[in-house]
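Asks: Using only what follows, build the 3D model:
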Amino acid sequence: MFRNIIAFIKKETVLSAAWVLAVTSAFLVPPSKEYLSYIDFNTLFLLFCLMAVMASFKKLGAFENCSKFLLGKFKSTAGILSVLVFMPFFFSMVITNDVALIVFVPLAIITLKMCGLEKLVLFTVVLQTLAANLGSMSLPMGNPQNLYLYSKSGINLPEFVSVMIPYTTASFILLLICVVLVNLKTNDGIKTQTAEFPQAEETNNAGSKKMWIVSTVSFVLCLLCVGKLIPATILFPVILITYLVSDRKILSAVDYSLLLTFVGFFIFTGNIKNMESARAVIANALTGHEVGFSIAASQVISNVPAALLLSCFTDNFKALLIGTNLGGLGTLIASMASLISFKQIARNYHDKRGRYFIQFTVMNLVFLALLFGFHLILA
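Replies: The predicted model follows:
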């Protein structure tokens, strides 16, 4: 049993940490009905719906087929690298950084092997991870902390985009420069084999057409919710019932550990907020330094918990948006999505984990320094 507990903690480190903090804080602030007010159900409902819809599209093979089509149009090293890097950049804006990496990192490994460019796998996956974390910051549905801050702050969608678009544009330019530089150093020819892309689960035509309609309509409803035209309390039961009727297996693909992680951190941050001494110390340290403080906090506890915690002590949500999104760069745990890529490399190139970690850390710190410097110029 002890081994099972240790294995669970290793697998769900952030979830375990969230609930250890929640339980510990409960000794200082005894449980009461007020605990329910800590939990942002709108964020949880919308996050659940988005994950269900993305799981549905993934099962249909939507992302893989799109990738296969795009990669079929490019034969040069630069073209292939551009597609592999910028697909997670743009897709992460609407399917989240986690899903983008789950889909496109394995695709990159397969493609580069088949093209005779396997030596570029580590660097490409590093760029893909950067791309997913940076592209996802441009829209609320791009990552969990954005959804939370967007919901809590009350800012509208155009305002959200206007805050983040300068950083998204700068990130795109930096990634493009990296792709160009890698291409200039790569003189190998490309083999003409076609990569055997992952296939979607087989379904009959009628069933597939039905699920495409269900998924598309569900995604439109999610977008309307993000645009604050439909309340999350209405969206949640609609999506839940839809997939219970159409395909219950989709619901099993939802990342419930992430939802439970949010609940744990909601309880912890709610209790901290109710502790006068802790609130005063954090609020004083945070005031006027929201971006830098949230970047630093993200390096240690990752950017989602940092957003949940720091939002209790400041109303400067725009600064938190910038700080927690840029804070996803840096250490391997600064963004939990980065662990998805690391696990893929560890599975496929076990002996190169250390090399990948070094490349990842160096590139992340360089991007973080450049984008923080860009922020200082804008400020």
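Asks: which ones are touching the residue nearest the centre of the chain?
Replies: Geometric centre of the chain, nearest residue: residue 97, 3.1 Å, by C-alpha atoms, centre = their mean. Shown in contact with residue 97 (C-beta atoms under 8 Å, 6 or more residues apart in numbering): 88, 132, 133, 135, 136, 142, 143, 328, 335, 337. In this view, the C-beta of every residue, glycine as well, is placed from N, C-alpha and C.
Asks: which regions of the protein sit below the pLDDT cut-off?
Replies: Along the chain, the model assigns pLDDT under 70 to residues 14, 67, 70, 75, 187-207.
Asks: Show me the helices in the stretch 101-250 of the chain, by range?
Replies: Listed in chain order, the helices of the stretch 101-250 of the chain (DSSP state H, counting those that start in this stretch) span 121-135, 144-153, 157-185, 205-226, 232-246, 249-252.
Asks: Give me the nearest residue to residue 122, chain neighbours excluded.
Replies: residue 356 (4.9 Å; C-beta to C-beta, 6 or more residues apart in numbering).
Asks: Dihedrals phi and psi, the one you found?
Replies: phi -60, psi -40 (degrees, to the nearest 10).
Asks: hang on, isn't it packed against residue 343?
Replies: No: if you go by C-beta atoms under 8 Å, residue 356 and residue 343 don't touch, sitting 11.0 Å apart.
Asks: neighbour-wise, which of the two wins?
Replies: residue 356 (22 against 14; other C-beta atoms under 10 Å).
Asks: The more buried one and residue 94, how far apart?
Replies: 27 Å (C-beta to C-beta, to the nearest Å).
Asks: element containing residue 254, please.
Replies: Following DSSP states H and E, one finds residue 254 outside all helices and strands.
Asks: Now do the phi/psi pair for it.
Replies: Dihedral angles for residue 254 - degrees, to the nearest 10 - are phi -70, psi 140.
Asks: Look up how far residue 330 lies from residue 370.
Replies: Distance from residue 370 to residue 330, by C-beta to C-beta: 12 Å.
Asks: More neighbours: which of these two?
Replies: For the pair residue 370 and residue 330, the greater number of neighbours falls to residue 330 (22 against 15), based on other C-beta under 10 Å.
Asks: Could you pull out the helices in the stretch 251-379 of the chain for me?
Replies: 256-273, 276-286, 290-301, 303-310, 317-326, 337-348, 353-378.
Asks: If you count contacts, what does the first one end up packed against?
Replies: Using 3 or more C-beta pairs under 8 Å, 6 or more residues apart in numbering; DSSP states H and E, the elements in contact with helix 256-273 are helix 13-28, helix 35-38, helix 41-60, helix 144-153, helix 276-286, helix 303-310.
Asks: now for those helices, which one comes closest to residue 224?
Replies: helix 41-60 (10.9 Å; C-beta to C-beta).
Asks: Which elements pack onto that closest one?
Replies: By 3+ C-beta pairs under 8 Å, 6+ apart, helix 41-60 packs against helix 97-114, helix 144-153, helix 205-226, helix 232-246, helix 249-252, helix 256-273.
Asks: Pipe those into a markdown table and attach distance to residue 36 per row.
Replies: Shown next, in a markdown table, are the helices and strands packed on helix 41-60 (distance: least, C-beta to C-beta, whole Å):
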| stretch | distance to residue 36 |
| --- | --- |
| helix 97-114 | 27 |
| helix 144-153 | 16 |
| helix 205-226 | 22 |
| helix 232-246 | 14 |
| helix 249-252 | 24 |
| helix 256-273 | 10 |
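Asks: Nearest to residue 314 among those would be which one?
Replies: With C-beta to C-beta, the closest approach to residue 314 among the helices and strands packed on helix 41-60 belongs to helix 144-153: 10.7 Å.
Asks: which residues touch the closest one?
Replies: 40, 42-43, 46-47, 50, 96, 136-137, 139-141, 160, 226, 232, 258, 262, 303-304, 306-308, 311, 317-318, 320-321, 324-325.
Asks: Okay, angle between the helix or strand encompassing residue 68 and helix 97-114 too, please.
Replies: Per DSSP H and E: residue 68 is located in helix 62-71. Counting by axes from the mean of the first three to the mean of the last three C-alpha atoms, to 10 degrees, helix 62-71 lies at 40 degrees to helix 97-114.
Asks: which secondary structure elements does helix 62-71 contact?
Replies: With contacts defined as 3+ C-beta pairs under 8 Å, 6+ apart, helix 62-71 has these neighbours: helix 77-95, helix 97-114.
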